[in-house]
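Student: predicted structure and sequence below. I'll ask about it afterward.
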Amino acid sequence: MGDDRREARLQRVRDGHGHHRVTYIELFFDLVFVFAITQLSHGLLHHLTPLGAFQAALLFLAVWWVWIYTCWITNWLDPERPAVRLLLLALMLAGLVMSMSLPEAFEDKGLTFAIAFVLMQVGRSLFVAWALRRHNARNYRNFLRITAWLAVSGACWIAGGLSEGPQRMALWGLAVAIEFASPSLGFWTPGLGRSTTADWDVEGGHMAERCALFVIIALGETLLMTGATVAELPREAGVLTAFGAAFAASVAMWWIYFDAAAERASRTFASSDDPGKIARLAYTYFHLPLVAGIVVSAVGDELALVHPNGHVDLKTGAVLLAGPALYLAGDLLFRRVTTQRIPRAHVVALAALAALVPAAGALSPALLSVTTSSVLVAVAAAETFWRREAAA
């Protein structure tokens, strides 16, 4: 009986009114991912090749997967309980080791990265299964399925850490594919069947707020990179132009997501008859390109600041265009799920970015940065105008 009561106390109590606030320990946990995002941005900046981009994408998916899975479990478990708090602190320690390993994950720190990642994924899922075993039968079975899938992908992560070169990339690519596909397959497991989104009784407002805070983390990292770079550069016209464009892009990204879309999506999420479906699509999957767009934009801003003049080379043009495009595509998919509509400003903006591709080489990095930032600002302005027209 004592174990039953202790396990029951680990779960959040839902009263049906409002949503659970994000706790201080959750915000403290997120600090590790500020570091992780910084490591990923710097890694991509210093290895800006097709191979480097592929490697950065694999590592970004791993970092996002660790964070979003932890977001799911704090939706069910109460972070204010000492056992859950200790779990989050243990995950922070492993996450710090994982983040420190990111720059050399494809070199001599591969096994360290893999062990830290697998410990976080499998250890957290086992803890949740234990906490839910007598009090939430559906999600207990669900976390048994999740643990089985994570054990399989974990074997691929560890095997990749023990390998080198192309073998490591292939094994880690397989591991990411397993983890990425498993939610859409309902974590089907022999003997346990598969989950449905109805099993995932998430509290929508809490998860929406957690994901919004991760977007803030990514935007904050972009501003930190911009400020640190400008502080070391001469105050020349090209640098100041690129600086203004970088700041305007960050503001526009914030505006596009937070001015109305995030709150409207949160209300839809909280009142949905199938919140698990929205959590899986809009927040687990479709926030991926949105956050990736912010990270890639930070790299583009850095390149434009350091070399604002001359003609745009291939790698600078690629990141300056890909960053806003990824962000807008992710936000479009996010809104499609949460509002059942496709925002027309996003479609026009994506077409405009595509039209810039053949002309990018004729522009300077600073001017291309101004142009792509202007596209984002135009989206923010158009949506604000249309929304107020509709309200009027």
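Tutor: Received it, and whenever you're ready, just let me know what you need.

Student: low-confidence ranges, the chain, go.
Tutor: 1-9, 14-19, 392 (pLDDT under 70).

Student: domains in it, by residue range?
Tutor: With domains defined by automatic domain parsing, the chain comprises 2-199, 204-391.

Student: let's have these in CSV, adding mean neighbour count.
Tutor: Backbone N, C-alpha and C define where each C-beta goes, glycine included. Listed next are these as CSV, based on neighbours: other C-beta atoms under 10 Å:
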stretch, mean neighbour count
domain 2-199, 18
domain 204-391, 19
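
Student: quick one: Ile278 and Ser271 touch, right?
Tutor: No. Between Ile278 and Ser271 there is no contact under C-beta atoms under 8 Å: 10.3 Å.

Student: and for these two, which residues touch both?
Tutor: Gly204 (C-beta atoms under 8 Å, 6 or more residues apart in numbering).

Student: CA atoms only for stretch 93-101, dumped as PDB, please.
Tutor: Once non-C-alpha atoms are left out, stretch 93-101 reads as follows in PDB (Å, rounded to 0.1, in the frame of the first residue of the first chain):
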ATOM      1  CA  LEU A  93      23.400  15.800 -15.700                       C
ATOM      2  CA  ALA A  94      23.200  13.200 -18.500                       C
ATOM      3  CA  GLY A  95      22.000  16.000 -20.900                       C
ATOM      4  CA  LEU A  96      24.900  18.200 -20.000                       C
ATOM      5  CA  VAL A  97      27.300  15.300 -20.800                       C
ATOM      6  CA  MET A  98      25.400  14.700 -24.000                       C
ATOM      7  CA  SER A  99      25.600  18.400 -24.900                       C
ATOM      8  CA  MET A 100      29.300  18.600 -24.200                       C
ATOM      9  CA  SER A 101      29.800  15.700 -26.600                       C
END
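
Student: what's that stretch in contact with?
Tutor: Under C-beta under 8 Å, 6+ apart, the answer for stretch 93-101 is 29, 32-33, 35-36, 39, 63, 66, 109-110, 112-113, 116-117, 119-120, 123.

Student: gap between that stretch and the chain center?
Tutor: 17 Å (C-alpha atoms, centre = their mean, to the nearest Å).

Student: same deal with stretch 74-94?
Tutor: 20 Å.

Student: does anything pack onto whichever strand or helix holds Ala131? Which helices or strands?
Tutor: Assigned by DSSP states H and E, Ala131 belongs to helix 110-132. In terms of contacts (3 or more C-beta pairs under 8 Å, 6 or more residues apart in numbering; DSSP states H and E), helix 110-132 is packed against helix 2-9, helix 50-76, helix 82-101, helix 137-162, helix 165-181.

Student: any chance of JSON lines for the ones you listed, columns distance to Ser195?
Tutor: Listed next are those as JSON lines, based on distance: least, C-beta to C-beta, whole Å:
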{"stretch": "helix 2-9", "distance to Ser195": "21"}
{"stretch": "helix 50-76", "distance to Ser195": "12"}
{"stretch": "helix 82-101", "distance to Ser195": "22"}
{"stretch": "helix 137-162", "distance to Ser195": "5"}
{"stretch": "helix 165-181", "distance to Ser195": "14"}
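
Student: quick one: which of those is nearest Arg21?
Tutor: helix 50-76 (11.5 Å; C-beta to C-beta).

Student: what's the distance between Tyr283 and Asn136?
Tutor: Distance from Tyr283 to Asn136, counting by C-beta to C-beta, to the nearest Å: 20 Å.

Student: same question for Val299.
Tutor: 42 Å.

Student: now swap in Gly220 and tell me
Tutor: 35 Å.

Student: same question, Ala380
Tutor: 41 Å.

Student: what about the nearest residue to Ile25 once chain neighbours are set aside, which helix or strand?
Tutor: Residue nearest to Ile25 in three dimensions, not counting chain neighbours: Pro79, with 4.8 Å by C-beta to C-beta, 6 or more residues apart in numbering. Here Pro79 sits in a region with no helix or strand, counting by DSSP H and E.

Student: how about the secondary structure of Arg235?
Tutor: coil (DSSP: H, G, I helix; E, B strand; the rest coil).

Student: now do the phi/psi pair for it.
Tutor: The phi/psi pair for Arg235 (degrees, to the nearest 10) reads phi -80, psi 70.

Student: contacting residues around it?
Tutor: Arg235 neighbours (C-beta under 8 Å, 6+ apart): none.

Student: right, and the helices and strands packed on helix 110-132 - which one's nearest Val348?
Tutor: helix 50-76 (26.8 Å).

Student: which strands and helices lie in contact with the closest one?
Tutor: helix 24-46, helix 82-101, helix 110-132, helix 165-181, helix 204-231, helix 287-306.

Student: could you redo the last one with a cut-off of 10 Å?
Tutor: helix 24-46, helix 82-101, helix 110-132, helix 137-162, helix 165-181, helix 204-231, helix 287-306, helix 314-339 (3 or more C-beta pairs under 10 Å, 6 or more residues apart in numbering; DSSP states H and E).
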